[in-house]
Structure formats: structure tokens, C-alpha cells
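>>> predicted model follows, preceded by the sequence.
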Amino acid sequence: MSAQPGLKISDIVDVKDTDSARSEMRQFLLAMACLAFVFAALGTGNVGADAFAADIVLVFCGAWCANQLIRGPEIFKTQVICVLQAYFIGVLCCSLVLFVIGWMIFLPEEYRHLGHALLLAATFSTNLGLALFPVDAAMRLEGLFDHLWIIALIAQCSAILGLLHWYFAKNTLRLLTALGLLALVSLILSMSDSQLVQLLPLGGLWAFLFGAIPFIATNRFPVLQYAILIGIINFLAGILAITATGDTLFARALLALGLAFLYLGSRSRASSPEMTDQRRRWFGMVLHTFLWAVPLARLTAALNIYEPNQTDFLSLIIPCVLFAIFSWTIWQHLEERMGLNQFRISAVLATVLFINGLIGMTTQGLQIRFPESTQAYIHALDNSDPAFDCPLVSEGPLAGLEVCHLGPAGAPKVLVWGDHQLDAIRTGVAEAARRAQVPTILIAQANCIPLDGLQTRFSEATRTSGRDCDQHSAQVLQALPHLKSIRQVTLVADWAYYTNTRSAELFPRATVRLGPMDGTPIDTSQQTDYIANAAEQTIRYLTEKGMRVSVLRQVPAQPRFDAEMAARASVPGAWMYFGMPVLSDSVSLDEATRRHAKIDTMFRHFATKGQMTYINSWDAYCSDTRCDARGGLSSDYITSTRLTPSGALALAPLLQTDLSRALTHTPYKRALDS
């Protein structure tokens, strides 16, 4: 009986170096590269789940760049110019389409940011802009070109590799040593979770060089024939490391190194001009599809008024392919005209793209397309969010709180305490303190009710901790006895938000649950009663400390108004928005009164008992029949309940009268406590 042949380890790890094996490897790597490119772009450089995707893209691009460098300077120059042309033509076509669409739906501020993004795209500095000069993307149609950060990072890494290769061209060993040390330094720096490091070559260069080093090493060491085997071993080791340790830098490095050797082993041994041209055309198609996919996806998502984060990707496939073929065809037409100076064409395209960006920044979309009545809403958006930039106190009973000092210098006599509503009317409070000549301090915390004796619980949709609000309120009240000069406390809040009055806002906000501090289960149907008990407890505490208490009546809510939506409803392409609501810049006085009845009844009850003063803010916005969101040529409101600076200034006379009372109020009980 013949013996069965034994199984050898060498038979398992022996990878046939054939055209068929290399073809299968290239197909696998191509699929992985495409998926990685999309994930890295959509992640816009955030550290986390897309870190592996960005590494994979950088590895492949580093290998490609090194492959062109070792083939000679002329081939490298030709290939780079080809890539530049494909990139600039694709971005230029995208920008022209967005300029046309933008004229119909963009607001002026979005046009300015579009121009800023094009300037960065034309100079391969999108990642630098995101890391060093971030833009507050509060508008819907911003960040359409943020996905170009990955291309900018690749270009910068390619420039670094090209300079090092030129400098050490005569000594491959020194070149490999320099690249190895640089990759090691970058790998160590990338241990930081800082987005600044991840977006810049400081943290991304190591993956790029991991892809380049194996190609350059083939000129000095016989690694080519073992490349596929080395790649498979490292790739499997990386997968095992991910399984065992999770998303770690060690696992990422193993995976990157494995892909680099797999890419090296998949390359053909002989150069074929026909295959090079075919790969170039496929590369151009993939690049142009990528350039169009992200802006179109974000554009269509932003057009959904109520659900701007949801995108129907299936409906985007045909437009994305059609636009990509259009810009790809233009690039192919220029690429085939070899008689022209290819470098000059790229320079002209970059210049046109740069000028296009300047036009977007300076014109801001030609505001003449907006009616004169809409300009009030556009100007209101310049101050769309509360600043919350008061100086941080480092010592004393208010240490750790952000406190603004308003009015004349001196010991504060009035504390104005509130939430985001107070920060929005800071301009009016500052003007009132200046007119009344009363030293005033302002303390505001977003979404935190300025009352004692409540525990706060936010929904999972928000990142704010309710405990922070509770600690903030407790510290303010505990600090007051130590602030001997304070004679008056004025409370300002978005009371409709805390009573969960849903009909007060055009766009519903994440709800907040308030309950007593004794640990009893929170009953949302009793939330108004909880607030009433807390208000009574807080007012009693303040008056017992000898302080005068006043509460600013919340401005009348405009449930069918939003300045941004009012401006968008006036653009020529307002019909393109999905779900544009019916808007109104006024509400009847009776309707507004019914909406605020719960809070008004509560505070008027305390005012009738002489415990506090209820400042009626409605005189500044309401007539005998209705309340308006717009006063004359300006908009007093930004959202349904948030005021603009001009709207806040309308409160200055009322607040001035209230602050002046602090000069005549004598804290009798404070003397008994001292």
C-alpha cells in the first residue's frame, strides 16, 4: 500500500506568481480601495471608524506614487499631470453646476463658504482649512467639498515623497532610511486622537510611506518575488490584531503593510502602454464619480427641510453617473490632444478654479435675487447662535462659571441669570446696564433652567449632561450669599422649552425632562407643577437673602417663523426644497396668550403676592391684536423663540427700568444675616 504524500506548510503558503493570481489580487485591491475611498471621504477626517479607510487609501496612493517615481522622472511627470487634469476638470465641473444650482437655493453665506472651499480645492489645502481654519457649518448647504481633504492629504504626501526621492536619488539605502524614520515619527504622532494631527501629513504620512517603501526597496533588495506572500501574512496578522485588540494603531500598521506588499505583488513585471492607458481611463472615471457623489448626496439631503440628514442614495446613482461621465468626457477630450502643453492646461484649469472660488466669496451669490423684504431675514442669520463666550472665572465662589460684566465698573448690584434665551438677548441687557449705570453680571448656560430644586434629564439625541445643569444652578445659588453687593436677581429663560410646549417652535427640539430632587419618578404630565414649585422655592430663597427678584416674560413665540426658512422661501428655486413649511411672521395676540398661559399664570401669581416683579416684554413686539416677528426693516426673531440683536435691543428700555430699581432696593434681611 502506497504512502499518502504528507501535507507541507510550504504548500499552504506557496503563492503562485502568475498573471491569473495577480489579476485576482488586483480585483480584490481595487474593490477595497474604492470602498475605503468612499468611507474616508464621507467621514471627513473624523478619528474613529473611518481611520482604517483613510489608511488604506493612503497606502494605495503611496504605492502608486512610488511606482511612478522609480519608472523615471518623465513618466512620473506625465502621470502626475494626467492626475491633475482629471482632478481640476472634475472639480471645475462640480463647481459650475453648484454655482447654477446655488443661485437658486443657496443663501449668501453659503455662497461665501462655497468660494472658500473652492480656493482650498484649487490649492490642495482642504485638509489644512478643516484643521487650522474650521468653518462653523451651521447652514444646510455647507461643506460640499469637505471630502477633498483626503485628496489634499495625498497631494501633500506625494510632494514630500517626491522631494525625498529627488534628494536621495543616488543612494537607495539612504532614501529607505530617511523614509523609514519619517514613517516611524509619523506613526508615533498619529497615536494622538487629535483631528489636527489626523488631517495633516503629521499623522497620515506613515500610511502613505508604508505603501511607497516596498516599491522603492525592490531596487535594493529581492522582495518582489516574495511580495504576495509577505502581504498575505501581514494582512492576516492585521485582521487577527483587529479581532484581538480592536481599532489599535498596531493593527492598522499591520494591515497597511500587508496591503502595500499585496499591491506590489499584483503589479505586472513588464510595462504595457496599452494597459497603462486603460488603467488611466478607469482611474479617471472612479475619481470623477467620487468627486460628484459626495456633493450630490449632501445637496439632496440638505433639500429635505425636516430630515436633512437622510439621503436616498438609490435615486442619486443615475445623476451621479451622468455627471461623472460628462466631466470624464471633457477630461478625455483634453487628454487626447497630446499636441498641447499638458502642464499649461493644468495650470489654466487651476487658475480658473481659483478665480471661480474668488467670485463665490466676493459676490455671495448676487443678493439681488432676493426681494428687499427678505434682506431682513438674511441679516438676522449673521447672529444665528448664542455666543456663550463670557470670560471664565478662575477663583472665588463663581470659579468655573462663565460670567460677563456689563455696565459701569464696580461691585455688581444685579445678577441676570438664565439660559440660551438670555445669551441671545445679551445685547439688550448690556445696553440696559449702560443706560441705567448699574454694574451687572450675566450668567447663562444653554438649555439649563435657572431655578433650584430640579433634576434635569435630556433625551439621548443631545450630548449635554443634565447633571451639569443641576450643578450649575446649585453653584450660582450657593455663590450669592458670598456676593454681598448683589441686590437683585433677574431670571430669563425659554420657559416654553421647559414646559414642553411643542407648538411654540417651527422645528421641534429635543425634549428635556425636569423633576424634583427628592428622587421620585419623573412624571412628564406634572412638569409644569415641578417648575412652579422650583420657582417658588428659588424666589423664597432669594428674598430671604434680602434680594429683589424679577422675571422677564418670555417673548411671544412665533410657531410658524424661522428666519432661515423665510429667506430660503424667497429664492428662485424654493420649489426644490422638500417639505417647505407654510410660514408666517406674525401671530394673533389671543393665540400667543393661550400658548404662554401656563407660565404667565404661575409668575403672575408670585407677582400678585409681592414676591417678585414680572417684566412684560410683549409691549416691544405686540400691538392690541397681534405680535410680529419683524419690526420694520429688521427681523426681531431668528427662530420661533430666539431674538436677533436688534430684537434684543427693543428690550433695553424695559430692562433699564428694572435694573434701575436695584439702586433703590435695600437688602434689609441681608443686614440681619451678616
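Done, it's in. Numbering: from 1, shown residues only.

>>> mind checking how far residue 398 is from residue 472?
Distance of residue 398 to residue 472, given as Cβ to Cβ, to the nearest Å: 11 Å. For every residue, glycine as well, the C-beta is placed using N, CA and C.

>>> how about residue 544?
Counting by Cβ to Cβ, the gap from residue 544 to residue 472 is 22 Å.

>>> more neighbours, those two?
Neighbour count, other Cβ atoms under 10 Å: between residue 544 and residue 472, residue 472 has more, with 20 against 11.

>>> strands along the stretch 401-550 of the chain, start to end?
Per DSSP state E, counting those that start in this stretch, the stretch 401-550 of the chain carries strands over the ranges 403-406, 414-418, 440-444, 454-458, 488-492, 512-516, 548-552.

>>> so which elements touch the first one?
Using 3 or more Cβ pairs under 8 Å, 6 or more residues apart in numbering; DSSP states H and E as the contact criterion, the elements in contact with strand 403-406 are helix 426-436, strand 440-444.

>>> what's the angle between the longest one and strand 440-444?
Spelled out, it's helix 426-436. 170 degrees (axes from the mean of the first three to the mean of the last three Cα atoms, to 10 degrees).

>>> out of the helices and strands packed on strand 403-406, deepest packed?
strand 440-444 (a mean of 25; mean count of other Cβ atoms under 10 Å).

>>> show me the shaky parts of the stretch 451-600 of the chain.
Residue ranges of the stretch 451-600 of the chain with pLDDT under 70: 460-465.

>>> mind redoing it with 80?
Under the criterion pLDDT under 80, the flagged ranges of the stretch 451-600 of the chain are 458-466, 502, 510, 518-524.

>>> mind listing the helices for it?
In the stretch 451-600 of the chain, the helices defined using DSSP state H, counting those that start in this stretch lie at 466-479, 495-498, 527-544, 563-568, 589-595, 597-608.

>>> turn those helices into TSV, columns for distance to residue 576.
Shown next, in TSV, are those (distance: least, Cβ to Cβ, whole Å):
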stretch	distance to residue 576
helix 466-479	39
helix 495-498	31
helix 527-544	40
helix 563-568	10
helix 589-595	31
helix 597-608	39
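
>>> residue 663: which of those is closest?
Among the helices of the stretch 451-600 of the chain, the nearest to residue 663 by Cβ to Cβ is helix 527-544 (18.0 Å).

>>> who's in contact with the closest residue to residue 599 other than its chain neighbours?
Among residues not flanking residue 599 along the chain, residue 495 sits closest, at 4.3 Å (Cβ to Cβ, 6 or more residues apart in numbering). Going by Cβ atoms under 8 Å, 6 or more residues apart in numbering, residue 495 touches 531, 554, 596, 599.

>>> just to revisit the earlier point, of the helices of the stretch 451-600 of the chain, which is nearest residue 160?
The closest of the helices of the stretch 451-600 of the chain to residue 160 is helix 563-568. By Cβ to Cβ, the value is 42.5 Å.

>>> follow-up on the earlier one: so which of the helices of the stretch 451-600 of the chain is nearest residue 352?
helix 563-568 (29.5 Å).

>>> check which residues of the closest one are buried.
Within helix 563-568, the residues that count as buried by 16 or more other Cβ atoms under 10 Å are 563-568.

>>> what's the answer for stretch 530-547, then?
For stretch 530-547, the buried set under the neighbour-count rule, 16+ other Cβ under 10 Å, comprises 530-532, 534-536, 538-539, 541-543, 545-547.

>>> now do stretch 543-561
543, 545-561.

>>> what helix or strand does the nearest residue to residue 634 once chain neighbours are set aside sit in?
Spatial nearest neighbour of residue 634, chain neighbours left out: residue 646 (4.4 Å); criterion: Cβ to Cβ, 6+ apart. When elements are assigned from DSSP states H and E, residue 646 belongs to helix 645-649.

>>> what's the answer for residue 241, then?
Residue 241 belongs to helix 227-245, assigned by DSSP H and E.

>>> which helices and strands does the helix or strand following that helix pack with?
Along the chain past helix 227-245, the next helix or strand (assigned with DSSP H and E) turns out to be helix 249-266. Contacts defined by 3+ Cβ pairs under 8 Å, 6+ apart place helix 249-266 against helix 19-42, helix 51-70, helix 201-217, helix 227-245.

>>> report the angle between whichever helix or strand comes after helix 249-266 and helix 51-70.
Counting by DSSP H and E, the element after helix 249-266 in chain order, helix or strand, is helix 273-302. Helix 273-302 runs at 150 degrees relative to helix 51-70, counting by the same axes, to 10 degrees.

>>> buried residues, stretch 443-459. List them.
443-445, 447-456, 458.

>>> out of those residues, who's nearest residue 235?
residue 458 (43.8 Å).

>>> ok, residue 123 - contacts?
With Cβ under 8 Å, 6+ apart, residue 123 has these contacts: residue 354.

>>> low-confidence ranges, the stretch 1-150 of the chain, go.
Ranges of the stretch 1-150 of the chain meeting pLDDT under 80: 1-54, 133-139.

>>> mind doing that once more with 90?
For the stretch 1-150 of the chain, the stretches with pLDDT under 90 are 1-86, 95, 98-117, 127-150.

>>> just to revisit the earlier point, what's the most distant pair in the buried residues of stretch 530-547?
Using Cβ to Cβ, the buried residues of stretch 530-547 reach their maximum pairwise distance at 530 and 546, which is 26.9 Å.

>>> thinking again about what came up before, list the residues that contact the residue nearest to residue 634.
Counting by Cβ under 8 Å, 6+ apart, residue 646 has contacts 631, 634-636.

>>> please convert the helices and strands packed on strand 403-406 to CSV, extending it with distance to residue 195 and mean pLDDT.
Listed next are these as CSV, based on distance: least, Cβ to Cβ, whole Å; pLDDT from 0 to 100:
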stretch, distance to residue 195, mean pLDDT
helix 426-436, 30, 93
strand 440-444, 28, 93
